[in-house]
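# Sequence and predicted model, in that order:
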Amino acid sequence: MAMSSIPIPSDTFKLGFIGAGKMAESIARGVVTSGVLPPSRIHTAHLGTHRRDAFQSFGISVFDHNHQVVEECDVIIFSVKPQIVKEVVSELRPKLSAKQLLVSVVAGTKLKDLQEWAGHDRFIRVMPNTPAAVGMAASVLGRTATEEDGELIERLFGAIGKVWRANEKLFDAITGLSGSGPAYMFLAIEALADGGVAAGLPRELAKGLAAQTVLGAASMAVNSGKHPAQLKDDVASPGVQQLLAFMSWRKVDFVAP
C-alpha cells in the first residue's frame, strides 16, 4: 500500500473536493478569500444546480463526475457523508496516484480504514467544525506522511480558522467537543435570548445581545491569558457566583450524538 511521497508543488498545486456540501464550500471559500489559492486552482463535482451555483458563485469550476476531480488535482479533500465514504473512496481508488495527497474531513472514519480503502498511505485526517462557514473553525490535524504535507494542510485549514495537531486516538473526544460544541453554544445563545425576551426585550435585540455576548466571552477566553474560571469570577457578583456554583453542581455530561 505504501507510496513514495512526491512533493506537492506549493505554487501550482490544484485542490479538489470530493463532495460538494456545506463544509467543502466553507473550506473552498475560505481558501479563496484568504488568498491561499485562486479559484482557478480549485475543483469539485456535482450534478445538482444549487450546489454547482454555490461554488461557481466564487469562481470554482464544477465537474460532472468525481473522477474528473481526481484526474485534475494534486490535493484531494474527501468531504462526504460517513455512510458513503467507503464506497466513494473505493470507487476512486484506481484513479489515485503517488503524486496526490489525500485528506478526509469525514467524522468518525478512522485513518487506517481510509488508507485501506484508498490503497494509499498518504492520507491525512482533519476534524474541522461548522464555524468554518464564517472563517472561525476549530480544526484538528492528525498524523501526516511528511512534515511538508502537514504544513500544506495547516495552511489550507488555517484559512478558515485555527488549527491544532493531535493524535488520532483523541479524535472521538475532539469530535464531541469542537465538532458538536457549536450546537451547545447555539443552545446557550437561544437560552440567553429567551431570557432577555422574558424580561421585556425585543426579540432581535435579545438575540443580537446574546450572540455578541457569547462571541465576546469566547474572544476573552482566547486572548486574555486567563483561566475561564478566573474570567467568570471577574464578572460574577457573589450572588451570581452562588448560582453558577449550583449550576455547575447540577451539570450533566454532554455526549456527542
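Yes, it's here. Keep in mind that this is a model prediction, so the values were computed, not measured. Residues are numbered from 1 along each chain as shown.
# Now His67: which helix or strand?
Assessed by DSSP states H and E, His67 sits inside helix 66-72.
# by contact count, what packs against that helix?
Here helix 66-72 touches strand 15-18, strand 42-45, helix 85-92, going by 3 or more C-beta pairs under 8 Å, 6 or more residues apart in numbering; DSSP states H and E. (C-beta placed from N, C-alpha, C; glycine too.)
# what does the average pLDDT come to for it?
Helix 66-72 carries an average pLDDT of 97.
# chain center to it: distance?
23 Å (C-alpha atoms, centre = their mean, to the nearest Å).
# Give me the secondary structure label for Val126.
What DSSP: H, G, I helix; E, B strand; the rest coil gives for Val126 is strand.
# The helices and strands packed on helix 66-72 into JSON lines, with extra columns for mean pLDDT?
What follows is the helices and strands packed on helix 66-72, written out as JSON lines (pLDDT from 0 to 100):
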{"stretch": "strand 15-18", "mean pLDDT": "98"}
{"stretch": "strand 42-45", "mean pLDDT": "97"}
{"stretch": "helix 85-92", "mean pLDDT": "97"}
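# what about these, which gets the closest to Pro9?
Closest approach to Pro9 among these (C-beta to C-beta): strand 15-18, 12.1 Å.
# Name the residues that touch that closest one?
Here strand 15-18 makes contact (C-beta atoms under 8 Å, 6 or more residues apart in numbering) with 24, 27-28, 31, 37, 41-45, 66, 69-70, 72-80, 88, 92, 156.
# After it, which helix or strand is next?
helix 22-33.
# where does the stretch 101-250 of the chain have low pLDDT?
Residue ranges of the stretch 101-250 of the chain with pLDDT under 70: 236-250.
# from memory Arg51 sits against Gly21, does it?
Yes: the pair Arg51 and Gly21 qualifies as a contact (C-beta atoms under 8 Å) at a distance of 7.4 Å.
# Compare those two (neighbour count), which wins?
Arg51 (19 against 15; other C-beta atoms under 10 Å).
# roughly how far apart are the more buried one and Leu37?
Computed as C-beta to C-beta, to the nearest Å, the Arg51 to Leu37 distance reads 20 Å.
# again, but for Thr213
Taking C-beta to C-beta, one finds Thr213 at 35 Å from Leu37.
# what about the two, which has more around it?
Leu37 (18 against 15).
# Who are the contact partners of that one?
So Leu37 contacts 15, 31, 156 (C-beta under 8 Å, 6+ apart).
# Show me the residue at the heart of this structure, geometrically.
Closest to where the C-alpha atoms of the chain average out (C-alpha atoms, centre = their mean) is Pro128, at 2.0 Å.
# Nearest residue to Val89 in space, please, no chain neighbours.
Using C-beta to C-beta, 6 or more residues apart in numbering and skipping residues adjacent in sequence, the residue nearest Val89 is Trp117, 4.3 Å away.
# Isn't Lys22 up against Ala133?
Yes: the pair Lys22 / Ala133 is scored as a contact, 6.9 Å apart, by C-beta under 8 Å.
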